[in-house]
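[1] any chance you could fold what I've pasted below:
(2 chains)
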Amino acid sequence: MTIENVLLISGALFAIGAYGAVSRRSLITVIMSLELMFNGVVIAAVAFSRFTPSAALLSGDPLTAEAIRSALTGHAFAIFVTAVAAGEAALAFALVFAMYRATESVEITDASEMKN
Amino acid sequence: MMAIMEVSTLTTIAFWAASAMTLGFAVIVVTQRDVFRAAIALAGSFLGVGILYFVLSAEFVGVVQILVYVGAISVLMAFAVMFIQDIASGSRPAQGRLVGAVAAVLIFAALAFTAYNTEWSSMDEITDPVAVTALTEGFVEVGTGDDIVIEAPGFVDDEQVVIPNGGVFVDSTGSVGVLLVREYMLAFEIIGLLLVASLIGGLLLMRDPVTTDEPEKGSASV
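    Numbering: from 1, shown residues only, chains lettered A, B, ... in the order given. Sure, this is the predicted structure:
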């Protein structure tokens, strides 16, 4: 397990999600694919946190607690992305329901008009 | 000096198993015609990612992943699928399938090329022995205010305040908590605001349009 391997998995997950986002017609599966892409990005962030040192630790300045904890910046990033993704999923499904109520369909090809 | 992050054989096996689980379920999500089965496979993929976080020694992120993604978002997806009845007929693929496949392969090729052709800096470049110990075993903060000095674990001083901390990588939960409420305090608060806004926005979008007070255009002239 090296950083290259983890980035490879992260890139594969992102690419699978990208394929799903453009190749599916149901809005629900498109949203699922977007969540897969989110996960791919977060894996990369955690991998960088785990395998590469933060700049503050390499600078040679006197060691501070902030510099030591900055090794976990990727984890903080992961938590923020997860929170944003949760809010995004809730809003996206509200939009799907609103569209279903208006057009009796959840296919993206039926969502080409702004006004019903 | 011990290496900061030794990777054991067991960890490597767990990593590849979790990766196979994640990618396998992800492929099912984007190819399965039955949307409900796709939602179940999505939960499996999220669980695989959660295991990957544990393998990467990010316990807190792994637990958050399982609570938020496997616990909440997957259930939301399943509810959405069950709420919209005619979805059981399956989701037909769109015309952009070939374009999507080519784009995905190109994205993956570019990312893989970058990953393998970049000289990533390594944890071995950290030379300060106190820093290495702080990452793997723990450290103590000595002093107060602007005069805090970092010492190796076990340091005692009867005249000053001494706060022991666990190793950042072996006990990441506490350090992530401190990082969130000190370094990223503003972002942390804004995330709370964002969640409230998306909650209210979701409720507004889901509101039944029939219950509005505005009179109908045709009946207003009566």
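[2] residues near residue B:141, how many?
    19 (other C-beta atoms under 10 Å in any protein chain shown). No exception for glycine: its C-beta is placed from N, CA and C like everyone else's.
[3] cool, and residue A:92?
    Applying other C-beta under 10 Å, I find that residue A:92 has 22 neighbouring residues.
[4] please apply the same query to residue A:95.
    Counted by other C-beta under 10 Å, the residues lying close to residue A:95 total 17.
[5] ok, the one 3 residues further on next?
    Using other C-beta under 10 Å, residue A:98 has 16 neighbouring residues.
[6] which ones are touching it?
    In this structure, residue A:98 makes contact with B:205-206, judged by C-beta atoms under 8 Å, 6 or more residues apart in numbering or on different chains.
[7] mind running it again at 7 Å?
    Residue A:98 makes contacts with residue B:205, as judged by C-beta atoms under 7 Å, 6 or more residues apart in numbering or on different chains.
[8] again, but for residue B:103
    A:18, A:22.
[9] okay, it: pLDDT?
    Residue B:103 is assigned 92 on the pLDDT scale.
[10] next secondary structure after whichever strand or helix holds it?
    Per DSSP states H and E: residue B:103 is located in helix B:97-117. Next in sequence after helix B:97-117, counting helices and strands by DSSP H and E, comes helix B:129-136.
[11] in that following helix, which residues are buried?
    Going by neighbour count (16 or more other C-beta atoms under 10 Å in any protein chain shown), the buried part of helix B:129-136 is B:131-136.
[12] and that helix, what does it pack onto?
    Helix B:129-136 is packed against no helix or strand, with contacts defined by 3 or more C-beta pairs under 7 Å, 6 or more residues apart in numbering or on different chains; DSSP states H and E.
[13] against which helices or strands is the helix or strand that it is followed by packed?
    Past helix B:129-136, further along toward the C-terminus, the next helix or strand under DSSP H and E is strand B:138-142. Applying 3+ C-beta pairs under 7 Å, 6+ apart, one finds that strand B:138-142 contacts strand B:149-151, strand B:162-166.
[14] who does the longest one pair up with?
    Spelled out, that is strand B:162-166. strand B:138-142 (antiparallel) (DSSP bridges).
[15] return the distance of the partner strand from the chain's centre.
    In terms of C-alpha atoms, centre = their mean, to the nearest Å, the centre of strand B:138-142 is set 29 Å apart from its chain centre.
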